[in-house]
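Visitor: The following block contains a protein sequence and its predicted model.
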Amino acid sequence: MATYVNDLRLKEIATGDESGTWGASVNTQYELIGEAMGAGTEAIADASTHTITMADGATDGFRCTFLRLTGGGQACTVTLAPNTVSHTWIIRNATSYALTFTQGSGANVIIAAGQAKIVSTDGAGSGAIVYECLEDLELGGTLTVGIDDTGQDVKFYGATSGKYWLWDESADGVVQQGTLTVGVDDTGYDVKLFGATSGAYMLWDESADDLKLVGAAGLTVAGDIDIDGTANLDIVDIDGAVDMATTALVTGVLTTTATQVATGGITSGSNILSDTDSTDSLGSTGVRWLKGWFDTLTAGTLTIGSGSVTDSSGAISFGNENLTTTGIVTAAGTSVFTNLDISGDVDVDGTTNLDVVDIDGAVDMATTLGVTGVVTANAGVVVDEMTLDADTLTATDDFIVDAVGDIVLDSDDANWRFKDAGTAILEIANPSGPSFYSPVSDADILFKGNDGGSTVTALTLDMSAAGAATFSAGIGFNGDTATANMLDDYEEGTFTPTWTVTGGGSASGGLATNVGRYTKVGRMCTMSWESFIISTSGTITAYRLNLPFQVDANCRASGMASEFAQTGYGWKMSVEASGTFVTMTEYDGTAPPGNAYVLGSLTYQTV
């Protein structure tokens, strides 16, 4: 007897078994060995436990080295069976929940949703262990993640909660939250991490014993930096506070992005310049300047607490920046503002030319508003009974779409959903062609129309019966719509043959074998029967057998049956117009024998 005790559950043929067929059997096992090198899938049940059992000697995706798990619906413990199989898999958890893999009472492995691991079982029976193959990984060469201009995030966690080391590919920078060790003392390796920007990467150059940030790559440190030696920095960008124990000497330009406080004063041998993104301030809400003298003020924000800004030359210009005041701005000439925020009214006698208008309150227009550019309304737009908010258009009454040309509904996701009061009732999809789906359980799909003013249901798809189709007026072919030519009936069934005789005799006793079957397509009925008549008496000139359906008034039919018990001859059969039975005689027209065993079939047109 064949066994299946190996780690791939292949058939091991016993000595002397499968004579003449062992070649095909062995070839099948070769194919299963090849299958074990490929990829397979397994659907996980929506349950807390699930068992995957490798099939004995038959194709099975579980045997494959790469195994993709789908389905699921909750966190699940997956048992890899049988527990005597020692095997290695690359498993990708394509479900939305964590999966715990076990084989016996030994250690387990957890794979988070959307993640992949290499796992191995020892097949040790009830105490079997599931190993994570890359749990301790030692590299003997250069580790490269991604390629130039196409990087990936790399995150290494430590033993302390919240501590990790991160190469952020989108920022082309490093976030350090722990310790990373590559190589050993006196024997290092290059480590290069690419980012999303071309030419940006971080390199530990082992030959130079140096960490290099190349291209647009930057360094982000969540904690402190303590430098014992000299720091030679071409550019310093500091987000937080700087505590200097001695004097900070800057021979170039000092650029800051936050409010600066200098209790001892600021001495500058040249201009004090704002930064390039225009976010700095001179003074603050709590600390103000009493007076300011400016020969030229062309950029930045000037905030006046309660005074006024007056230019005797007749013009005030702030370039592309803002002027904010609770007092009065007086200008005899033209005032140019990039942004103007007014808490009161604006009365303009002439023409107002506004490139961008941001209105927090209501707008009352006495005439038509003409907009040649884009209107942006972040809180939505209400027009009569219709509201457009974000990507939702809501109507409080009927919603009518009236177009002179085509109406196009274009979905890049290949899915169109119809709902009734929030409940999905129909979906149209395009997986590889148009697909119609009703998500309501067991709800029939009806195709209705107007037939001369009356509503008719032309077709019903019974979804509680796997979509069985019912046509109310039959099926036409090749464009023929004549009622007489419609296929309006199909039926299969059985009937019990009832036998009578002509000539004065009789058929008595039971029928040991007596069964009839028929198939009716439209008005054409094909019937067959098998009958063994136990006993007959008297003169018999013909047998008569009842029909499952009456014969059409304009139809006659004939056929042949066979009698096996007495003569072995064929019998002639005939039916009369409007008849309800078929008459049978010997092939030469003579009387048939008694105690006959008859097999026959006949096709005729029904009423």
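Guide: Looks like it came in fine. Computed from a predicted model, the values in this text were never measured in an experiment.

Visitor: Okay, the closest residue to Lys419 other than its chain neighbours and Ala414: tell me how far apart.
Guide: Of all residues not flanking Lys419 in the chain, Ile425 sits nearest, at 6.4 Å (CB to CB, 6 or more residues apart in numbering). Using the backbone N, CA and C atoms, a C-beta is placed for each residue, glycine as well. In this view, Ile425 and Ala414 are 19 Å apart by CB to CB, to the nearest Å.

Visitor: Kindly report the same for Thr220.
Guide: Thr220 sits 40 Å away from Ala414, taking CB to CB as the criterion.

Visitor: likewise Pro592?
Guide: 68 Å.

Visitor: the more surrounded of the two?
Guide: For Pro592 and Ala414, the more surrounded residue by other CB atoms under 10 Å is Pro592, and the numbers stand at 24 against 12.

Visitor: Next up, the contacts around that one.
Guide: Contact partners of Pro592, counting by CB atoms under 8 Å, 6 or more residues apart in numbering, are 540, 542-543, 563, 571, 584-586.

Visitor: Out of those residues, which is nearest to Thr455?
Guide: For these, the residue nearest Thr455 by CB to CB is Met584; the value is 50.8 Å.

Visitor: Surely that closest one is in a strand?
Guide: Yes: counting by DSSP: H, G, I helix; E, B strand; the rest coil, Met584 is located in a strand.

Visitor: Is the residue nearest to Lys419 in contact with Tyr437, as I believe?
Guide: No: with contacts counted by CB atoms under 8 Å, Ile425 stays clear of Tyr437, the gap being 10.3 Å.

Visitor: wait, what's in contact with Gly127?
Guide: 104-106 are the contacts of Gly127 under CB under 8 Å, 6+ apart.

Visitor: do you know how far the residue positioned nearest the centre of the chain is from Gly20?
Guide: Centroid-nearest residue in the chain, with CA atoms, centre = their mean: Asp413, separated by 9.8 Å. Per CB to CB, Asp413 is found 57 Å from Gly20.

Visitor: likewise Val78?
Guide: Val78 is 41 Å from Gly20, by CB to CB.

Visitor: Kindly report the same for Phe66.
Guide: From Phe66 over to Gly20 (counting by CB to CB), the distance is 37 Å.

Visitor: who has more neighbours, these two?
Guide: Phe66 (16 against 6).

Visitor: correct me, but the more buried one touches Gly38?
Guide: Yes: with contact defined as CB under 8 Å, Phe66 reaches Gly38; the gap is 7.2 Å.

Visitor: Report the helix or strand with the lowest average pLDDT across the chain.
Guide: Ranked by mean pLDDT, DSSP states H and E, the helix or strand of the chain with the weakest confidence is strand 316-317, at a mean of 56.

Visitor: Find the nearest non-adjacent residue to Ile445, please.
Guide: That would be Leu461: by CB to CB, 6+ apart, it lies 4.1 Å from Ile445.

Visitor: Kindly report the same for Ser170.
Guide: Among residues not flanking Ser170 along the chain, Ala196 sits closest, at 5.4 Å (CB to CB, 6+ apart).

Visitor: Can you name the residues in contact with stretch 430-443?
Guide: Residues from elsewhere that reach stretch 430-443, judged by CB under 8 Å, 6+ apart: 414-415, 423-429, 445, 463-464.

Visitor: number of nearby residues for the closest residue to Thr102 other than its chain neighbours?
Guide: Leaving aside its sequence neighbours, Thr102 sits nearest to Asn108 (CB to CB, 6+ apart; 4.6 Å). Residues lying near Asn108 (other CB under 10 Å) number 17.

Visitor: For Asn108, which residues are in contact?
Guide: Contacts of Asn108 by CB under 8 Å, 6+ apart are 77, 100-102, 130.

Visitor: Most neighbours out of those residues, which is it?
Guide: Phe101 (23 neighbours).

Visitor: From the contact counts, what lies against the helix or strand containing that residue?
Guide: Here Phe101, judged by DSSP states H and E, is contained in strand 99-102. If you count contacts as 3 or more CB pairs under 8 Å, 6 or more residues apart in numbering; DSSP states H and E, strand 99-102 packs onto strand 76-81, strand 109-111.

Visitor: other SSEs contacting the first one?
Guide: If you count contacts as 3+ CB pairs under 8 Å, 6+ apart, strand 76-81 packs onto strand 49-53, strand 99-102.

Visitor: now what about the shortest one, what contacts it?
Guide: By that I understand strand 99-102. 44, 69, 72, 75-80, 91, 93, 108-111, 119, 130.

Visitor: how many neighbours does Val401 have?
Guide: Neighbouring residues of Val401 were enumerated by other CB under 10 Å; the total is 6.

Visitor: correction: Asp172
Guide: If we define neighbours as other CB under 10 Å, then Asp172 has 24 of them.

Visitor: Against Gln152, how distant is it?
Guide: 12 Å.

Visitor: need the helices and strands packed on strand 99-102 in JSON lines with distance to Val214 and mean pLDDT, can you?
Guide: Converted to JSON lines, the helices and strands packed on strand 99-102 look like this (distance: least, CB to CB, whole Å; pLDDT from 0 to 100):
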{"stretch": "strand 76-81", "distance to Val214": "44", "mean pLDDT": "97"}
{"stretch": "strand 109-111", "distance to Val214": "35", "mean pLDDT": "97"}
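
Visitor: I'd like those strands as TSV, with distance to Leu134 appended.
Guide: Below are the helices and strands packed on strand 99-102 laid out as TSV (distance: least, CB to CB, whole Å):
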stretch	distance to Leu134
strand 76-81	18
strand 109-111	11
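
Visitor: Ok, which of these comes nearest Tyr189?
Guide: The nearest among those, by CB to CB, is strand 109-111 at 28.4 Å.

Visitor: Please report the distance of Ile91 from Leu67.
Guide: 5 Å.

Visitor: wait, Thr536 sits on Val501?
Guide: Yes: counting by CB under 8 Å, Val501 is a contact partner of Thr536 at 6.8 Å.

Visitor: Now do the shared contacts for the two.
Guide: Ala507.

Visitor: Can you get me a residue count around Gly433?
Guide: Gly433 has 6 nearby residues by other CB under 10 Å.

Visitor: now Ala484, what's its secondary structure?
Guide: Under three-state DSSP, Ala484 comes out as helix.

Visitor: so which of the helices and strands packed on strand 76-81 comes closest to Thr526?
Guide: With CB to CB as the yardstick, what comes closest out of the helices and strands packed on strand 76-81 is strand 49-53 (47.6 Å).

Visitor: Buried residues in that closest one, which are they?
Guide: For strand 49-53, a neighbour-count test (16 or more other CB atoms under 10 Å) marks 50, 52 as buried.

Visitor: Give me the contacts around the helix or strand following it.
Guide: Scanning forward in sequence from strand 49-53, with DSSP H and E defining helices and strands, the next element found is strand 66-71. By CB under 8 Å, 6+ apart, the residues outside strand 66-71 that reach it are 38-46, 61, 78, 89-95, 99.

Visitor: at 7 Å what do you get?
Guide: With contact meaning CB atoms under 7 Å, 6 or more residues apart in numbering, strand 66-71 is reached by 39-45, 61, 89-95, 99.
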